[in-house]
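S.K.: can't give you the sequence, but here's the structure:
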């Protein structure tokens, strides 16, 4: 059972402070390890902050030994009510640099508030002084991080890290999203327009388009999520990639399906063809913008593929 903070003795408060500093130091070490390959300069910042936490822990242990002896009771943050639950983002690989920095801000704020409350619960002068110094050190951690960032992140290293972040964004978000958008926009053209020309009924075409879009989204989502776990390729968490790919696949198919809600067949058909043109242009732009592919060849490839699938659907629908 977790104890209230007000129920802790000075001995327990010091033991908890030691545990917190040890935990924060290990988290900083995990951040440094997770960022080492893609963000080496930022990893050095977290190693410096780990060293800072280790010095705090040693100071607390020395004070504890002077007052209470060598045995330090095991008291951890989840044994005391009031602490914010921390999601173990530091275990995720590959680790996002913004995620790490945001987590550090939360850790610093929580630890500082703990020391400020701990001072109110202690009467020993040496303990109050040390806790006050540590609270002030936590206030200065942001300034320390900024100073270390200026020292470690030279313009060249910052450019390298920005390029690494861009590469991870491409691998984890853009690539699966683009694959889904292309599949949803192109592969569903045939069934939608085949149903439209075969039945001359906009509602029937809409139902076929929705079924094809949702089915393709589920299929592509599972295929992307199961393709690899991201541990070797650096493509990130399978669920995120699968979700992005599945949603974009569904969106690509629904785009040219929605116009068939228009009762008039010819108006709906014209609107759907216009949406298809917009979708193909969007795919060409994304490939040119994020994949560094030449604009004209990209547009030609996408348009030819889309037109062939569209004609296949028309041919089958009129058969």
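M.R.: Ah, there it is. Every value quoted in this text rests on a predicted model; they were computed, and no experiment measured them.

S.K.: next one: phi and psi at residue 39?
M.R.: phi -130, psi 70 (degrees, to the nearest 10).

S.K.: do the same with residue 201
M.R.: According to degrees, to the nearest 10, residue 201 has phi -120, psi 120.

S.K.: can you check residue 128 too?
M.R.: phi -60, psi -40.

S.K.: Might you report the residue contacts of it?
M.R.: By CB atoms under 8 Å, 6 or more residues apart in numbering, the contact list for residue 128 reads 119, 122. All C-beta spots, glycine's among them, are computed from the backbone N, C-alpha and C.

S.K.: can you list the domains in the protein?
M.R.: 5-153, 161-318 (automatic domain parsing).

S.K.: Let me see the contact set for residue 204.
M.R.: 195, 196.

S.K.: let's see 6 Å
M.R.: Counting by CB atoms under 6 Å, 6 or more residues apart in numbering, residue 204 touches residue 195.

S.K.: Adding mean pLDDT as columns, could you present the domains of the chain in CSV?
M.R.: Below are the domains of the chain laid out as CSV (pLDDT from 0 to 100):
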stretch, mean pLDDT
domain 5-153, 81
domain 161-318, 79
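
S.K.: Residue 182: which element?
M.R.: Using DSSP states H and E, residue 182 sits within helix 175-187.

S.K.: ugh, typo on my part, it should be residue 313
M.R.: Per DSSP H and E: helix 295-318 holds residue 313.

S.K.: Give me the contacts around that helix.
M.R.: With CB under 6 Å, 6+ apart, helix 295-318 has contacts from 186, 189, 190, 193, 194, 197, 198, 280, 283, 284, 287, 288.

S.K.: and which of those is nearest residue 226?
M.R.: Closest to residue 226 out of the contacts of helix 295-318 is residue 186 (22.0 Å), distances taken as CB to CB.

S.K.: what sits against the closest one?
M.R.: By CB under 6 Å, 6+ apart, the neighbours of residue 186 are 305, 306, 309.

S.K.: Please tell me how far residue 277 sits from residue 61.
M.R.: 69 Å (CB to CB, to the nearest Å).

S.K.: of the two, who's got more company?
M.R.: residue 61 (18 against 13; other CB atoms under 10 Å).

S.K.: Contacts only, for residue 68.
M.R.: Residue 68 touches residue 11, counting by CB under 6 Å, 6+ apart.

S.K.: one step back: pick out the most distant pair among the contacts of helix 295-318.
M.R.: 198 and 288 (35.7 Å).

S.K.: hang on, the earlier thing: type out the ChimeraX command that picks the buried ones from the contacts of helix 295-318.
M.R.: A single ChimeraX command selects the buried members of the contacts of helix 295-318 (16 or more other CB atoms under 10 Å):
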select :186,189,190,193,194,197,198,280,283,284,287,288
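
S.K.: can you redo the contacts of helix 295-318 as CSV with secondary structure and distance to residue 88?
M.R.: Listed next are these as CSV, based on DSSP: H, G, I helix; E, B strand; the rest coil; distance: CB to CB, whole Å:
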residue, secondary structure, distance to residue 88
186, helix, 40
189, helix, 44
190, helix, 45
193, helix, 49
194, helix, 49
197, helix, 54
198, helix, 54
280, helix, 42
283, helix, 37
284, helix, 41
287, helix, 36
288, helix, 39
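
S.K.: Looking at the contacts of helix 295-318, which is nearest residue 17?
M.R.: residue 287 (53.9 Å).

S.K.: Surely the closest one touches residue 280?
M.R.: No: the criterion here is CB atoms under 6 Å, and residue 287 misses it with residue 280 at 10.8 Å.

S.K.: Any figure for the gap between residue 198 and residue 188?
M.R.: Counting by CB to CB - residue 198 and residue 188 are separated by 15 Å.

S.K.: got it, and residue 20?
M.R.: 54 Å.

S.K.: For burial, what's the neighbour tally of residue 83?
M.R.: 17.

S.K.: And the helices in this protein?
M.R.: Using DSSP state H, the helices of the chain run over residues 10-35, 40-68, 97-120, 125-152, 155-169, 175-187, 189-199, 202-227, 238-255, 265-290, 295-318.

S.K.: So what does residue 74 look like in phi/psi?
M.R.: Torsion angles, degrees, to the nearest 10, at residue 74: phi -80, psi 110.

S.K.: meant to ask about residue 82, not that
M.R.: Taking degrees, to the nearest 10 as the convention, residue 82 sits at phi 110, psi -10.

S.K.: Appreciated, that's everything.
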